[in-house]
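Enquirer: Okay, sequence plus prediction incoming.
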Number of protein chains: 2
Amino acid sequence: MSQMLQEIAEQPTALAKTIHEEQGKVKRLGEFLKQRGVELIVLVARGSSDNAALFGRYLLEITTGIPVSLSAPSVYTLYGAHMKLSHALVIGVSQSGEGEDINRVLETARASGAYTVGITNEPASSMVHLVDETLLMHGGRERSVAATKTYTGQIMHFYMLARALADGAEHQAKLDYERIPEYAARALELRPAIEAMVERYVFMENCVVVGRGLAYASAYELALKLMETCYVVAERFSSADFLHGPLAIVDRHFPIILFAPPGQTLESAKVLMERLHELHADTLAITGDEAAARMCTRSIQMPGSINEFLAPIPYIIPGQLFAALLADAKGLNPDAPRSLSKVTRTL
Amino acid sequence: MSQMLQEIAEQPTALAKTIHEEQGKVKRLGEFLKQRGVELIVLVARGSSDNAALFGRYLLEITTGIPVSLSAPSVYTLYGAHMKLSHALVIGVSQSGEGEDINRVLETARASGAYTVGITNEPASSMVHLVDETLLMHGGRERSVAATKTYTGQIMHFYMLARALADGAEHQAKLDYERIPEYAARALELRPAIEAMVERYVFMENCVVVGRGLAYASAYELALKLMETCYVVAERFSSADFLHGPLAIVDRHFPIILFAPPGQTLESAKVLMERLHELHADTLAITGDEAAARMCTRSIQMPGSINEFLAPIPYIIPGQLFAALLADAKGLNPDAPRSLSKVTRTL
């Protein structure tokens, strides 16, 4: 069994441990930040961590109303911009804590008066020494090049932070993230069904992955896993952006994977599914909605009933399994993708 | 000749007219906004307009230091978030001015106390009635579904706005955008060379387009043109992000188009070119740098010497020509891509 599959399976335990160890600290951080006042949140990351940040962006804006910007590191590292960040919270997200560009942004932002937080898996990393506060993942070292348990661990930190910063009880009630480890465990039970399913996709060379809103980051993350481990040219779009031009690439049998959790974005997913059906595309839904499942060529049906705020971690698990098992079916090693190493250095 | 090719050729005149008609208004808007105080800029758009906004994001952050966020419309339209935007400038960008989601975001933002601006081609559109100030493009109606002259017109407005808001003379001196119509005219002279070149790419089914920093939006825009008009599955990455995972998709002869203008990002483009050469990828550089051109399988060499701040409009022109002429070589009509219409309605 690949390390990637092992690490996918470790997620329920890793997530529960991260909640247990970090919940108190994140709550205190939230209280401190509310007193200090935060007018803007800037998230800075690369790769899978950037996909976790993309989720964080939606979650934090929706639950706190504080505008969030996904940082463009080159603005700091190459152009040396003097950013006005005195009322900002700047959060770096990095599995290794050694991304030079991420760390440079954090350093510059702190010097500009921002409050800085690092989310990392490595308590002895360079990032930890640069930031005002560190939030750690507690799932153990990640050995596969393809990130899985650190991606969901980073997402868990955004849940804890959102609950600590959210306005009012309405949003806080939706953020009962303590349920997620159990949802993740149930999602892992999909493995045999996905193992049987991937054979059909062995010769898929390109595809599009679609998600929207709180599920938008899932599309980015599954596409990245498919690129890294299966060498599939995988595009990623929101269902709205996809209709603004890229839809033209869809021909008969063109493969499209759609995240369709319940909630506010389900209707727009169904509108797109209908359009794709007319175009005779080959669609695969990851969904808990039976009608959506029936609208697609194939589907992965999520067990139980999960509110949309809590869906992103359980819903990415079949995606991770799909990529790891498809790589295996293609005779590839998902732990050691060609041309990549675990820590990528860019500036 | 396709409408797309005609509209590409109209750009020098259209840009000069937009500068002439709008420069005074944008300057006054900048003075007003400096007095009012802007702590955050939020840009909201879809499709090609969103690519223009992506350029605006880099330009405005680099030259003004004001943090910029590219809005996620669903946060407003589907999740109904109560965004805290009283110190924000919110800019909607839409060719037609009829994008329902864009307009809904502008309406909500204005109600939250933000100052709102619309950049559009249509002076009688719904957007104009919603915003505090309208900036118009003056290149005439765009008839091709694939946006070209409105994309560069939107970018021109970001130049004018950046010069009106920039801190200090250093950045203002780099923003001598009055030169751009002439640069655009010279770029159009590349057409015969590109017409001869596209034959080689007729059977290209997927590719990656790379750009970074101020040239990042060019990668998005060329990829979108290739998807819309040539049905090529075209991914887009910054050279840094590309190394964080997606590089694994690159096999011998995999086609990659790289924007490599002079300036701060050239070195990182060359690092990637070297890596791609080792992997035997098929690379096409759009560059004014002779060494970069020699590092790639093919190149489109930009005439003259253009500072990196002014490069994005002249550099996208060979990209637009490449897409329009490749569509023609493939026997496709770039003015009427399958499955698309000029105004896309999403919420």
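Expert: Sure thing, it's come through. Residues are numbered from 1 along each chain as shown, chains lettered A, B, ... in the order given.
Enquirer: What ranges does the stretch 201-347 of chain A have for its helices?
Expert: Remark: helices assigned in the stretch 201-347 of chain A by DSSP state H, counting those that start in this stretch are A:216-230, A:239-243, A:266-278, A:290-294, A:312-329.
Enquirer: Packing partners of the fourth one?
Expert: I take that to be helix A:290-294. helix A:266-278, strand A:282-287, strand A:298-301 (3 or more CB pairs under 8 Å, 6 or more residues apart in numbering or on different chains; DSSP states H and E). In short, each C-beta sits where N, CA and C put it, glycine included.
Enquirer: Also the longest one?
Expert: Helices and strands touching helix A:312-329, by 3+ CB pairs under 8 Å, 6+ apart, are helix A:3-9, helix A:11-36, helix A:149-165, helix A:180-188, helix A:191-197, helix A:216-230, strand A:255-260, strand A:282-287.
Enquirer: Repeat the analysis, applying 7 Å as the threshold.
Expert: helix A:3-9, helix A:149-165, helix A:180-188, helix A:191-197, helix A:216-230, strand A:282-287 (3 or more CB pairs under 7 Å, 6 or more residues apart in numbering or on different chains; DSSP states H and E).
Enquirer: so which of these is the most packed in?
Expert: helix A:216-230 (a mean of 28; mean count of other CB atoms under 10 Å in any protein chain shown).
Enquirer: okay, the angle between it and strand A:282-287?
Expert: Per axes from the mean of the first three to the mean of the last three CA atoms, to 10 degrees, the angle that helix A:216-230 makes with strand A:282-287 is 120 degrees.
Enquirer: could you give the angle of helix A:216-230 to helix A:149-165?
Expert: Angle of helix A:216-230 versus helix A:149-165, following the same axes, to 10 degrees, is 170 degrees.
Enquirer: Check whether helix A:216-230 comes near chain B.
Expert: Yes - interface with chain B: helix A:216-230 contributes A:224, A:227-228 (CB under 7 Å from any CB of the partner chain).
Enquirer: For residue B:10, state which of those is nearest.
Expert: residue A:227 (37.9 Å; CB to CB).
Enquirer: The closest one reaches residue B:254, doesn't it?
Expert: No - if you go by CB atoms under 7 Å, residue A:227 and residue B:254 don't touch, sitting 11.8 Å apart.
Enquirer: Please convert the helices and strands packed on helix A:312-329 to CSV, extending it with distance to residue B:127.
Expert: Below are these laid out as CSV (distance: least, CB to CB, whole Å):
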stretch, distance to residue B:127
helix A:3-9, 46
helix A:149-165, 32
helix A:180-188, 41
helix A:191-197, 45
helix A:216-230, 24
strand A:282-287, 34
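Enquirer: Nearest to residue A:50, out of the ones you listed?
Expert: Per CB to CB, nearest to residue A:50 of these: helix A:216-230, 7.9 Å.
Enquirer: could you give the angle of the closest one to helix A:312-329?
Expert: Calculated by the same axes, to 10 degrees, helix A:216-230 forms an angle of 20 degrees with helix A:312-329.
Enquirer: Keeping just the C-alphas, turn the helix or strand bottoming out on mean pLDDT in chain A into CSV.
Expert: Within chain A, judged by mean pLDDT, DSSP states H and E, the helix or strand with the poorest mean is helix A:168-174; its value is a mean of 82. What follows is helix A:168-174 as a C-alpha-only set of coordinates in CSV (Å, rounded to 0.1, in the frame of the first residue of the first chain):
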residue,chain,number,x,y,z
GLY,A,168,-23.1,35.5,16.4
ALA,A,169,-24.4,32.2,17.3
GLU,A,170,-26.0,31.4,13.9
HIS,A,171,-22.7,30.7,12.1
GLN,A,172,-21.0,29.2,15.2
ALA,A,173,-23.8,26.5,15.3
LYS,A,174,-23.0,25.4,11.8
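Enquirer: List of residues touching that helix?
Expert: A:63, A:163, A:166, A:307, A:309 (CB atoms under 7 Å, 6 or more residues apart in numbering or on different chains).
Enquirer: Show me which of the residues you listed is closest to residue B:7.
Expert: Nearest to residue B:7 among those is residue A:63, at 43.3 Å by CB to CB.
Enquirer: Distance of that closest one relative to chain B?
Expert: Noted for residue A:63: a distance of 8 Å to chain B, by CB to the nearest CB, to the nearest Å.
Enquirer: Return the per-residue confidence for that residue.
Expert: We have a pLDDT of 96 for residue A:63.
Enquirer: following the helix or strand where it lies, which helix or strand comes up?
Expert: Assigning secondary structure by DSSP states H and E places residue A:63 in helix A:47-64. Downstream of helix A:47-64, the first helix or strand assigned by DSSP H and E is strand A:68-70.
Enquirer: what's that next one packed up against?
Expert: The helices and strands touching strand A:68-70, judged by 3+ CB pairs under 7 Å, 6+ apart, are strand A:40-45, helix A:47-64, strand B:68-70.
Enquirer: Relative to residue B:212, which of the ones you listed is closest?
Expert: Short answer: helix A:47-64, nearest of those by CB to CB, at 14.7 Å.
Enquirer: List of residues touching stretch A:108-120?
Expert: A:33, A:36, A:42, A:76, A:83, A:85-86, A:88-95, A:97, A:106, A:127-128, A:131-136, A:154, A:157.
Enquirer: ditto for stretch A:338-345
Expert: Under CB under 7 Å, 6+ apart, the answer for stretch A:338-345 is A:47, A:96, A:98, A:100, A:145, A:228, B:243-245, B:247-248, B:250, B:279.
Enquirer: Which of these sits closest to residue A:6?
Expert: Here the nearest of these to residue A:6, counting by CB to CB, is residue A:145; it sits at 13.6 Å.
Enquirer: Can you report how many residues neighbour the closest one?
Expert: For residue A:145, the tally of surrounding residues (other CB atoms under 10 Å in any protein chain shown) stands at 21.
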